[in-house]
Structures are given as structure tokens and as C-alpha cells.
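Following is a predicted model, sequence given first.
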Number of protein chains: 2
Amino acid sequence: MTFTIAEAAQRTGLTAHTLRYYERDGLLLDVVDRAPSGHRRYTEDDVTWITMLTRLRATGMPIREVRTYADLVRGGDGNERERLELLLTHREKVLADLEEVRAHLEAIDTKIELYRSRLARPARRRSA
Amino acid sequence: MTFTIAEAAQRTGLTAHTLRYYERDGLLLDVVDRAPSGHRRYTEDDVTWITMLTRLRATGMPIREVRTYADLVRGGDGNERERLELLLTHREKVLADLEEVRAHLEAIDTKIELYRSRLARPARRRSA
DNA sequence: GCTTGACTTGGAGCGCACTCGAAGTCGGAG
DNA sequence: CTCCGACTTCGAGTGCGCTCCAAGTCAAGC
């Protein structure tokens, strides 16, 4: 079972443009198979890998670093420790980001409460 | 008590360049005061407002929308409900983002556990 | 046989948010 | 009086991550 680029796009939530861009940019593990017509045919494994890419991207990993990770995986067995390191480092960054956003959101919530209480009072301006 | 641009930068975590850029871009409530020399002098209120901007930015609000918010505040009393709406809408987006990142991180954590258990086993390749 | 539409390539273009550079002004220290 | 460093403006440049375009190919349906 293989997928056209449109099907792969639909399954990964990316566009066909982005899929080609990722491939050009070395983010995929190897060159995608082709139909006799020259059209790309994505395997289940391709889609699984690309899904992992989207997770890394969605959590803020820069494309440069995703490529580093892809390079390691492409390198085959023997560098699992490096891969793990990379993922753990990323994990820490994500947790720090989450915490930072959470803290900012809390301050924004305070502002929201301020507006709420201001609006709860009847307007005093021009109340004649 | 007022601050030079360098002091305001230090207090808000932005650069002097960015502070000028924000002002040019209409993100501040009004034109910053000047010393007789022409140098900017930021008030406490300016710094408080800019801090709010950094919170909106840090939670992913685009500059365009921050400007919309600034325009409302600059508009004075009477549009508090609109401001509240804007903040509430933003809040929902941030919560959705947080949840999405959290979910992706969970999948990455699974991958991390996979590497961990793989590394826990002694290597079998070329074990001769 | 013709049309339609999904695909191909290489390269250009875009939106966002800064970030920097050049050239000039000003106040205060030595 | 001279120098230094912090500031000023305007406009150009940068990095990231796509996003799109033009021109061409191919398979399938009518």
C-alpha cells in the first residue's frame, strides 16, 4: 500500500508543496519511491516518519535540527544515544516553553479578570 | 522617574532596536516622551504596557493583532468589551496551542522511552 | 484523439519579526 | 577643545519556513 503525494499530504496535515520541500531539504530518511510515471509513492513508513517530523516541528524544533535528527537515523544503528540526547534536549526546551507560556497566560488572565470586573460595574461616564 | 531606551530594553527583555520598531509599528499607546536632546524617555506606564506586549507576543499573538489591541486601548473608554473579546479569543488559542504541544510532546516521550529501552539492552550487533 | 487534472522540476517570491548599518547629534569627562 | 558613548533616523538586510509559479508530462475518461 502506497500513497500519492496528495494522500500523504492529507494524512500528515502538510501540503504537497511542503512534502517536496522537506524531501529536498534532507528531512526524509531517503528518496521517496516513484511510480513509472515519475510520481512519488509514499510508503506507510514514510508517512510514519513524516508524522514524527510534524511532531518535532509542532513542538518548535527548527528544521535545521530536525535534519540533524534525520541524519542520525539515516546513519543507522550505533548512534541511538545521540538520538536520545537530541530528543531529551528538545524535551527540556519544550517543557521550558510550556512553562513560560503558562506563566504569561496567567498574567493575561489577570488582565481579563480586570476587564470583567470593570464591565460588571454599570458605566459611570455620562451617566447624567 | 523615567528610563532611557537602554534601561527600558533591559526591563522589558527587548532590544533598543525592537523598542523603536514597536513604536514605529504603532504598538505603543502613544509617542514616547523625549529629553531635550531628542533621546526617548520611557515612563513606568510605558514599561508596564510594553511588558504586556511581550506577554501577548510570547504567547504567540501576531504583531498585527497586538496593534489592534493597542488601537482599542488608545481609543479610550467605551470599547472595553471589544478588548475583553480580543483577549478571550487569544486565550482560547493559547490553550489550544498548549494542548496541541502537550499531545505532541507525549508522543515524543513515547519515542524517548523506546530509545531508552533499546539502549538498556546490551548491543547485539557484531557481538561476536 | 482531446481534455482534464494530478503530478513533475527549478527557482522565485512572500510574510513575519526582527536586526543591522550608516551617518549624524548630543552631553559630559578629561 | 576633543573624545567617547549613547542616542537619533531611515532604510536595507536577514533568517525562517514555507508557498507559489511556469512549463512540462502522463494516465484516464469521454
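That came through, no problem.

Could you pull up the contacting residues of the most centrally placed residue in chain A?
Nearest to the mean C-alpha position of chain A, counting by Cα atoms, centre = their mean, stands A:Ala58 at 2.0 Å. A:Ala58 makes contact with B:100-101, B:104, according to Cβ atoms under 8 Å, 6 or more residues apart in numbering or on different chains. To be clear about C-beta, it is placed using only N, CA and C from the backbone, and glycine gets the same treatment.

Tell me how far it lies from B:Arg83.
Using Cβ to Cβ, to the nearest Å, we find A:Ala58 at a distance of 30 Å from B:Arg83.

Repeat that for A:Glu82.
From A:Glu82 across to B:Arg83, the span is 49 Å (Cβ to Cβ).

who has more neighbours, the two?
B:Arg83 (19 against 13; other Cβ atoms under 10 Å in any protein chain shown).

Does the more buried one lie in a helix or a strand, and which?
Here B:Arg83, judged by DSSP states H and E, is contained in helix B:80-120.

how big is the angle separating that helix from helix A:80-120?
On the basis of axes from the mean of the first three to the mean of the last three Cα atoms, to 10 degrees, helix B:80-120 is oriented at 160 degrees to helix A:80-120.

Quickly check: helix B:80-120 near chain A or not.
Yes - Helix B:80-120 lies within reach of chain A by Cβ under 8 Å from any Cβ of the partner chain, at B:80-81, B:83-84, B:87-88, B:90-91, B:94-95, B:97-98, B:100-102, B:104-105, B:107-109, B:111-112, B:115-116, B:118-119.

shaky segments in chain A?
Chain A contains residues with pLDDT under 70 at A:122-128.

near DNA strand D, which residues of it show up?
Residues of chain A found near DNA strand D (Cβ under 7 Å from any atom of the strand) are A:15, A:17-18, A:20-21, A:36-38, A:57, A:62-64.

let's see 6 Å
Residues of chain A found near DNA strand D (Cβ under 6 Å from any atom of the strand) are A:15, A:17-18, A:21, A:36-38, A:57, A:62-64.
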